[in-house]
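1. what's the 3D shape of this:
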Amino acid sequence: MNIVVDFYMPPHLFDSARADNDNESVTERIAKVILESVLGYQGVRRGVPQVHEPDYVCGEKGFEVTLAESGALIPQLRGRRPADGAQHELEEELIHNICNIVQQKSKKHYDRKPALIVLTLSPIIHWYHELWQRDLETQNLWGMSVQKRNGLFKELNDSYISGDSAFENIYLLQPTLCQKYALYDLKAFAGNQDFIIEVGIRPGREMAFPTFKVNHVEGKTLPINYTINPVQYKERN
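-> All right, here's what the predicted structure looks like:
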């Protein structure tokens with residue numbers, strides 16, 4: 001099966017934080033929206049790097065933000081290579097990228113133990129099947145496909161959250177194929193609690209978020225491959 005999707009990306013998605021964007025990258029601004037509008041934190045402020053604060057601070061809590069980039073896709077999405085419509089089996093690459101970026105961030109020195117928020121750009125459909133498949137038979141069918149996801153979540157909990165580890169928690173923010181997001185709470189996963197939150201985007205704010213939308217589907221058999229067509233939003237005047 002090949003799922004052909006359009007990827008709508010906001011301007012400057014891959015720019016780093018610097019003075020001309022108020023020292024906030026697009027990824028960081030998205031994370032701040034999640035902290036305030038989804039997780040309910042109030043009074044979130046920008047961290048001060050000179051005193052080793054994480055990217056955002058709210059009271060005693062800290063939040064570090066990062067993007068798990070895809071080595072195969074990002075050069076195309078940045079325009080450095082033509083968007084040739086190549087097919088990608090994304091799961092192994094996504095797991096590799098998440099593990100690498102979490103390990104890198106765990107080596108940083110912070111003034112407090114932060115939670116880590118990781119934005120991904122790989123809309124792997126079976127990772128968030130719990131949001132839309134409710135009957136028991138279908139749940140069991142899709143549940144067989146999430147062994148790699150669950151293994152990753154357990155590994156990240158054991159290595160980076162449990163005990164005296166680097167992070168207070170890890171949140172993964174993943175776009176779905178219907179212009180929404182799935183937010184994974186890995187500490188809740190480890191505690192056998194509900195760990196996926198469906199995140200919608202308010203009308204009129206689409207340009208602020210990278211989103212995916214199904215164009216068409218080719219074939220019906222596994223495995224699932226993805227053909228991703230980048231679409232650049234135009235900046236408003």
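
2. mind listing what residue 195 touches?
-> Contacts for residue 195 (Cβ atoms under 8 Å, 6 or more residues apart in numbering) come out as 184, 185, 186, 188, 189. The C-beta positions use only the backbone N, C-alpha and C, and glycine is treated the same way.

3. same question, residue 176
-> Counting by Cβ under 8 Å, 6+ apart, residue 176 touches 123, 125, 128, 131, 182, 198, 212.

4. in this protein, which spans are helices?
-> 26-33, 74-77, 91-106, 136-143, 147-156, 186-190 (DSSP state H).

5. Worst mean pLDDT among the ones you listed?
-> Ranked by mean pLDDT, these end with helix 74-77 in last place, scoring a mean of 57.

6. can you pull the pLDDT of the closest residue to residue 97 other than its chain neighbours?
-> Nearest residue to residue 97, sequence neighbours excluded (Cβ to Cβ, 6 or more residues apart in numbering): residue 68, at 4.4 Å. Looking at residue 68, its pLDDT stands at 90.

7. for the one 4 residues further on, same thing?
-> Per-residue confidence for residue 72 comes out at a pLDDT of 58.

8. ditto for residue 181
-> What the model reports for residue 181 is a pLDDT of 94.

9. ok, now which ones touch the residue nearest to it when sequence neighbours are not counted?
-> Nearest non-adjacent residue to residue 181, counting by Cβ to Cβ, 6+ apart: residue 199, 4.0 Å away. By Cβ under 8 Å, 6+ apart, the residues touching residue 199 are 34, 38, 173, 180, 181, 182, 183.

10. Right, I'll leave it there.
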